[in-house]
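Engineer: Sequence and computational prediction follow.
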Amino acid sequence: MSFDANELKAKYNPDGSQLWRMQERMLEVLEVIDGICQRHGIPYWLSGGSMLGAVRHQGFIPWDDDLDIEMLRPDFERLMKILPEELPDTMALQWHTTDPNYFFQFAKVRDRNSELFERNGYDKTWKEHGIWVDVFPLERVPRWVHQLSNLTFGHTYKMLRTAPDPAKAMGKVRAWAAFNRKVIFPILRGVSLLLPTKYYDFGLGIPYFQKSLKEDYLPVRYVPYENKKVPIMREAEKCLTYRYGDYMQLPKNPGSEYHSEDIRIW
């Protein structure tokens, strides 16, 4: 499908608009992450809608208010140890090792010169609330193992959704999240080693799905993204087709589901 890029930009993220400022700040965070990954030889690539934006728009999807990257789990675990030491003071890693109430099984790198809150409400008790870049781990697991991990870990979300006071429920949430990380997930990973699957998916406990081979990811290739060059997976089009179907087709109601509200940027 053809579309007018200038018309989309004028409608959704014109220069100087709040969304444009958010996207510019996300690019600043990504640039810092990229520098750290380059120094330490950690391969990563854009994920999900961010990769779709790179392929279809050569930048952000005009109405997109987040930015996602992904990497293989061993590299993710290395990066979680490196980031707290190398991020500038204006940014922070949000992971269970740096924010005890953060229970998601993917990490966020936050900008500290902004503040917003996600519409899902899970972030009310977290330490950091700035504009973010999501960092997703990928691992080799059968689909049923991934689905099982989402069932076991999903109890954390349920506890928060049903709690009259989320802050008071965080003790139980932290305990159940830790039990999954330290007991259930290692068992599931051990089972996966014995099973003949060759596909990689999002990390255990992450409620999204992706089915790709290791050779679909690496080596990455670089494409234009706004005024930069960014890495995407080697077989990006194959992955986008699996996730979105005809990914070059614009959605019927774009910009109807933003992640955040109460946004302040300084």
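Structural biologist: Arrived safely. For clarity, every value in this text was computed on a predicted model and none was experimentally measured. Residues are numbered from 1 along each chain as shown.

Engineer: list the buried ones in the longest helix along the chain?
Structural biologist: Longest helix of the chain, by residue count under DSSP state H: helix 18-40. Neighbour-count burial for helix 18-40 flags 19-27, 29-30, 32-34, 36-37 (criterion: 16 or more other Cβ atoms under 10 Å). Any C-beta I mention is one placed from the backbone N, CA and C, and that applies to glycine too.

Engineer: Likewise for stretch 128-137?
Structural biologist: Here stretch 128-137 shows E128, H129, G130, I131, W132, V133, D134, V135, F136, P137 as buried, counting by 16+ other Cβ under 10 Å.

Engineer: Give me the residues contacting the longest helix of the chain.
Structural biologist: Residues from elsewhere that reach helix 18-40 (Cβ atoms under 8 Å, 6 or more residues apart in numbering): 12-14, 42-44, 60, 63-67, 69, 78-79, 82-83, 86-88, 91, 109-111, 113-114, 131-133, 135, 226, 228, 230, 263, 265.

Engineer: How far does it sit from its chain's centre?
Structural biologist: In terms of Cα atoms, centre = their mean, to the nearest Å, the centre of helix 18-40 is found 13 Å from the chain centre.

Engineer: Phi, psi for A92 please.
Structural biologist: As for A92, its main-chain torsions (degrees, to the nearest 10) stand at phi -150, psi 140.

Engineer: And for D111?
Structural biologist: The phi/psi pair for D111 (degrees, to the nearest 10) is phi -80, psi 130.

Engineer: Repeat that for the one 3 residues further on.
Structural biologist: Phi and psi for S114, reported as degrees, to the nearest 10, are phi -160, psi 170.

Engineer: Also A54?
Structural biologist: The phi and psi values for A54, taken as degrees, to the nearest 10, are phi -60, psi -40.

Engineer: which residues does it contact?
Structural biologist: Contacts of A54 (Cβ under 8 Å, 6+ apart): L46, V223, P224, Y225, V230, I232, A236.

Engineer: residues near the first one, how many?
Structural biologist: For L46, the tally of surrounding residues (other Cβ atoms under 10 Å) stands at 24.

Engineer: Equivalent analysis for the fifth one, please.
Structural biologist: When neighbours are counted by other Cβ under 10 Å, V230 registers 24.

Engineer: before we move on, back to that, PyMOL command to pick out the buried ones of the contacts of helix 18-40?
Structural biologist: Listed next is the PyMOL selection for buried residues among the contacts of helix 18-40, using 16+ other Cβ under 10 Å:
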select buried, resi 12+13+42+44+60+63+64+65+66+67+69+79+82+83+87+91+109+110+111+114+131+132+133+135+226+230+263
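
Engineer: Out of the contacts of helix 18-40, which sit inside strands?
Structural biologist: Among these, DSSP state E puts 69, 91, 109-111, 114, 132-133, 135, 228, 230, 263, 265 in strands.
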